[in-house]
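> Sequence and predicted structure are below.
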Amino acid sequence: MRIQRLFLLPPKVRRLLPEAWLELGCARFRQRRSFGDYSGAWGICVEETSWQCEDGQEESIRHISQAVDVASRYTPWRSSCLVQAAAAMTLLGRRKLDCTLYLGTAKNAAGRLAAHAWVRSGPIYVTGEREMEAFTVVGIFGRHAVTATNTKIADKGSSLF
């Protein structure tokens with residue numbers, strides 16, 4: 001029954017599933033390190049990326065979102081919101097898409113502190129959208145895609161000094 005549902009997914013999403021599944025595993029493994037060790041890959045602290053994206057990018061972002069969501073249900077490990085967010089950021093980065101990671105906290109029904117992570121690329125929330133409204137943002141990490149233009153600008157800037 002579950003395999004039949006996989007065939008209902010768009011072909012581009014199905015092709016992304018193995019990559020998403022592997023990235024979820026890598027993100028879960030990286031999470032075992034200290035926060036400072038793996039948070040550096042998330043981007044620049046307290047910087048948001050643009051809410052706009054170029055034509056055609058929205059479809060890729062939605063496919064990545066769907067692939068991470070589906071793949072996270074079929075992992076033998078716990079794919080928490082932070083693991084899903086880190087995996088989504090990696091997939092977006094490979095496709096040269098800007099993204100922003102949000103970290104939030106709230107008190108749960110038992111009065112204990114709860115945390116949540118979600119990712120946005122352009123106007124689309126890639127992961128964690130369902131629960132994000134209940135959390136207060138305490139951290140933002142923006143990561144700009146490395147493109148030929150960005151590299152040329154960075155090279156010019158570094159050659160000035």
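Great, that's in hand. Numbering: from 1, shown residues only.
> low-confidence ranges in the chain?
Scanning the chain for pLDDT under 70 picks out the ranges 1-2, 147-161.
> now the strands for it?
In the chain, the segments counted as strands under DSSP state E are 44-45, 99-107, 113-121, 124-127, 136-143.
> so how far is Glu23 from the nearest residue to Gln84 once chain neighbours are set aside?
Distances taken as CB to CB, 6 or more residues apart in numbering place Thr127 nearest to Gln84, at 4.5 Å, with adjacent residues excluded. To be clear about C-beta, it is placed using only N, CA and C from the backbone, and glycine gets the same treatment. Thr127 is 12 Å from Glu23, where distance means CB to CB, to the nearest Å.
> So between the two, which is more surrounded?
Thr127 (27 against 23; other CB atoms under 10 Å).
> List the contacts of that one.
Ser65, Val68, Asp69, Cys81, Gln84, Ala85, Ala88, Ala117, Trp118, Val119 (CB atoms under 8 Å, 6 or more residues apart in numbering).
> Next, format the residues you listed as JSON lines and append neighbour count and distance to Gly56.
JSON lines is the format used below for those (neighbours: other CB atoms under 10 Å; distance: CB to CB, whole Å):
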{"residue": "Ser65", "neighbour count": "24", "distance to Gly56": "16"}
{"residue": "Val68", "neighbour count": "30", "distance to Gly56": "20"}
{"residue": "Asp69", "neighbour count": "18", "distance to Gly56": "21"}
{"residue": "Cys81", "neighbour count": "21", "distance to Gly56": "28"}
{"residue": "Gln84", "neighbour count": "27", "distance to Gly56": "24"}
{"residue": "Ala85", "neighbour count": "25", "distance to Gly56": "24"}
{"residue": "Ala88", "neighbour count": "31", "distance to Gly56": "19"}
{"residue": "Ala117", "neighbour count": "24", "distance to Gly56": "27"}
{"residue": "Trp118", "neighbour count": "24", "distance to Gly56": "23"}
{"residue": "Val119", "neighbour count": "30", "distance to Gly56": "19"}
